[in-house]
Structure formats: C-alpha cells, structure tokens
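Participant: how does the following fold in three dimensions:
(chains A and B)
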Protein chains: 2
Amino acid sequence: MLLCDIGNTSYHFLEDGIEYKKDAQTFDPSTIKEEVHYICVNTKIKLILKDLENWIDLSGHLDMSKYYETMGVDRMVASEAIKNGIIIDAGSAVTVDIVKDGLFQGGFIYPGLNAMSQTYKNISSALDYPFNFDIDLNKFPKNSTDAITYGYLKTLYAEVTSHNMNIILTGGDAKEFAKIFPDAKVNESLIFKGMKKLLQNR
Amino acid sequence: MLLCDIGNTSYHFLEDGIEYKKDAQTFDPSTIKEEVHYICVNTKIKLILKDLENWIDLSGHLDMSKYYETMGVDRMVASEAIKNGIIIDAGSAVTVDIVKDGLFQGGFIYPGLNAMSQTYKNISSALDYPFNFDIDLNKFPKNSTDAITYGYLKTLYAEVTSHNMNIILTGGDAKEFAKIFPDAKVNESLIFKGMKKLLQNR
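Facilitator: Next up is the predicted model:
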C-alpha cells in the first residue's frame, strides 16, 4: 500500500513502512503507476492529481462536519489519528490542534521556523540571527539571539502548555521543536496513522 | 524643550506637551534650528544627526551596564521610565521588557502587526486574512481568521501574563493591543518619560 501526504513543499510517501520525500516543484506524479492513497493541501498539485486514476483522494472519507470549511485537510487527518491531546505540526506553518475524546476542539496557526526567521530579518537587519534551540526558556533573555528565540518559541510554549494536555509533535521540524517541548512525544508518521484509520473506516 | 524618538519608520517629536510624527524617509532634520534631545535606532539617520550640532543624542546618559550591547536604545529608555512592570512596545517589532525595582531583567522581541500579517500571507495565500482584534482568546479557534489571530496574539498573551506583573503598553499599535490586554495601561509617551528622566539625571 502506498500512502502520500502532499504539502506546499513536498510529496511525503509511506510504502511498506519506509518513508521518503519528493520535491513538490519537480516530481511528476504520473511516473507512479500503482494505486496511491493521498491527501493534498497544495492546490496546484490537487488539479494535476484529479486526472490521474491511480491517485485516490482520501479526504472524501473525512466527516467534514467535525472540522471547519477552510481548515487544511492535513490537520483534519492528523486529528483523526489521536483520541486526546494537542498536536503540533511543525512545517512551513506550525499548526496546533486540540482533540478531546476523539473530537476536534479547534486549533491555531503559527509561522514555521523559516518563515519566522525571515520575518525578524525583514523587520531589521539588527534582528538577523538564527534561532537558538538550546535556549533556557526559564531565563528572560539578555542577548539578541535569545531575545528573538524566546519571542518565537516561549510564546508558543506558554500557550500550548497552558492546556495541560499530552503534546504530540509531528512535521519536518518536529525534532527541533522537541528540544523546546521536552515532554512531547515525537511522531513523524502521525498523518499516515490518520490516513490508515480513514482507509479502515471506509 | 524638543524631544525626538527616531525609529525605523518615523521621527516622533514631543514639543510643549504636543506629539507629532515625521516620515523617516523624507523628513530633513536640518530644517530644525532649535536644540533637540533625541534617541535613534535608525542607523542611517544616526549618521546624519552626528553632523548636526543642535541634535543631542541622549543615549550617552544611559548606564549601559544595566542592559546588553545589541539592545535597542529605545527599549533601554522605556525601561528607565518605570520602576516595576512589563513593557510591551508595539511597533514594527513588538519588544517586551521586564523591569523589577528599577532594574532591567531581560526582554524579548516579537514581530509587529504588519510584519506578522505579511508572514502568514507569505506562507500560503490560504492564510491571507486580517487579524481579528475582537477575538475571544478563551475559545479555541474554528475559522481561519481566528486561527491566525490566536496564533499571533494568544501566544504572546499567554507568555506576558504568566509573569503576573503590571503591563504597560506603548508604541504605534498600543491601542490595538489594548483590546487583547484589557488590564494593561496604555502610555504612548513612555519613551518621552524615560528621556525626561535621563535629562534630569544628567
């Protein structure tokens, strides 16, 4: 069985327990001849896949009434994968979603690592520093690197931990974020878990 | 007495209790002939003012050992204005600084309103929404506008309020932010208060 989660920057495949990625800009999906079950938030690629018979959109199996109209389908599928907890999906955006007793409670969107780094740089060249993921978030910063790192990450940390729920980290930057959320569980295959559940429930 | 706080986008003057602004790009400081006491974070303008005898840089009166080297002088001067509290200066960047018993404890930097709005838009056109300052931050969002607003503002709110200190709001977007921080005191002249204190202590 071949599963694929398509985002703004890449195709993320799972085949027989092995994950791999292809660039969203350059990969030609018609080169795959076997059946692929996919979800896709990339509007451009969505149009291409509609014409490929072996690419099967799994989003049709979602109970949309549990979510909201403009919500990304990847967030819905990740939410299907857990019973209780707060999911941080750290990609080009960081999405944070709460699930209680299997029901989506709402969620918010925060800028991803690269986007936020660019933001500080654009405000002023005086804020052009890399983030320090080894920062001690219990200390109020007294240098520029920590001042922007704390601004980006302690704010997120304060909000997420205020809910006192299990935290599940997924997405391309999950391992970096795990340094900031030491009690979180990292599960980079959370979306595939949700996709498999949708397939079983058909 | 003429005071001037110069930022990345404007000259902010205080003259006999009246405040006014001039555009940083177009205003010619040599048109002012009287004595001006100023602080300036704009490196370009700093160079111009060095050659104007009636423009007097107040930053020389700061005890720099209380702060850190790359810290903006406007943050230092605002910190001089209070004894105890947490200052949110909402401008092109949002700076958050803590003062206890007249001593700077550290601070962090968060993107300003325009910068953050641009950030979401740059990540995806699906996130191109204006922020909703009338949001109820006690509810977990179920629509896109609130999802990005909550991401921008609830995170900041959660961190700032975790310190249980008086909050003082200043800067160009102070009034907008006051909707999110209803218990904060708005003081748009905080920097001028700090500048006056530095002048008295000479």
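
Participant: the residue nearest the centre of chain A: helix or strand, and which one exactly?
Facilitator: Taking C-alpha atoms, centre = their mean as the criterion, residue A:89 is the residue nearest the geometric centre of chain A, at 3.0 Å. Per DSSP states H and E, residue A:89 falls inside strand A:85-90.

Participant: check residue A:191 too.
Facilitator: Assigned by DSSP H and E, residue A:191 belongs to helix A:190-200.

Participant: pLDDT wise, what is the most far-flung residue of chain A relative to its centre at?
Facilitator: Residue farthest from the centre of chain A, counting by C-alpha atoms, centre = their mean, is residue A:142 at 31.5 Å. Here, the pLDDT recorded for residue A:142 equals 97.

Participant: ok, now the one 5 residues further on?
Facilitator: At residue A:147, the pLDDT value in this model is 98.

Participant: let me know the angle separating the helix or strand hosting it from helix B:144-161.
Facilitator: If you go by DSSP H and E, residue A:147 is part of helix A:144-161. Orientation of helix A:144-161 against helix B:144-161 (axes from the mean of the first three to the mean of the last three C-alpha atoms, to 10 degrees) gives an angle of 110 degrees.

Participant: domain assignment for chain A?
Facilitator: Domain assignment for chain A by automatic domain parsing gives A:2-61, A:83-200.

Participant: what segments of chain A are strands?
Facilitator: For chain A, applying DSSP state E gives strands covering A:2-6, A:10-15, A:18-23, A:36-40, A:55-57, A:85-90, A:93-100, A:103-111, A:167-170, A:185-186.

Participant: now tabulate the ones you listed in TSV and tack on mean pLDDT and distance to chain B.
Facilitator: For glycine as for every other residue, the C-beta is placed from the backbone atoms N, C-alpha and C. What follows is the strands of chain A, written out as TSV (pLDDT from 0 to 100; distance: least, C-beta to the nearest C-beta, whole Å):
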stretch	mean pLDDT	distance to chain B
strand A:2-6	96	14
strand A:10-15	95	14
strand A:18-23	94	17
strand A:36-40	97	13
strand A:55-57	97	18
strand A:85-90	98	10
strand A:93-100	97	5
strand A:103-111	98	3
strand A:167-170	98	15
strand A:185-186	98	21
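
Participant: highest mean neighbour count out of the ones you listed?
Facilitator: The highest mean neighbour count among those, using mean count of other C-beta atoms under 10 Å in any protein chain shown, belongs to strand A:85-90: a mean of 25.

Participant: list the contacts of it.
Facilitator: The contact list for strand A:85-90 (C-beta atoms under 8 Å, 6 or more residues apart in numbering or on different chains) reads A:74-75, A:78-79, A:94-99, A:112-113, A:160, A:163, A:165-174, A:176-177, A:181, A:184, A:190.

Participant: ok, and the closest non-adjacent residue to residue A:167?
Facilitator: Using C-beta to C-beta, 6 or more residues apart in numbering or on different chains and skipping the chain neighbours, the partner closest in space to residue A:167 is residue A:184 (3.8 Å).

Participant: residue contacts, that neighbour?
Facilitator: Residues near residue A:184 by C-beta under 8 Å, 6+ apart: A:88, A:167, A:168, A:169, A:177, A:178.

Participant: hey, what's the fourth one bridged with?
Facilitator: According to DSSP bridges, the residues that bridge with residue A:169 are residue A:88, residue A:186.

Participant: hmm, residue A:178 and it touching each other?
Facilitator: Yes: judged on C-beta atoms under 8 Å, residue A:169 makes contact with residue A:178 at a distance of 5.7 Å.

Participant: touching both of those two, which residues are there?
Facilitator: A:184, A:186.

Participant: residue A:77 contacts residue A:196, correct?
Facilitator: No: applying C-beta under 8 Å, one finds residue A:77 not in contact with residue A:196, separated by 10.0 Å.

Participant: okay, those two: which has more neighbours?
Facilitator: For residue A:77 versus residue A:196, neighbours defined as other C-beta atoms under 10 Å in any protein chain shown are more numerous around residue A:77 (23 against 18).

Participant: contacts only, for that one.
Facilitator: With C-beta under 8 Å, 6+ apart, residue A:77 has these contacts: A:5, A:39, A:58, A:59, A:62, A:191, A:194, A:195, A:198.

Participant: mind redoing it with 10 Å?
Facilitator: Residues near residue A:77 by C-beta atoms under 10 Å, 6 or more residues apart in numbering or on different chains: A:5, A:39, A:58-59, A:61-62, A:190-195, A:197-198.

Participant: for residue A:112, the count of nearby residues, please.
Facilitator: By the criterion of other C-beta under 10 Å, residue A:112 has 21 neighbours.
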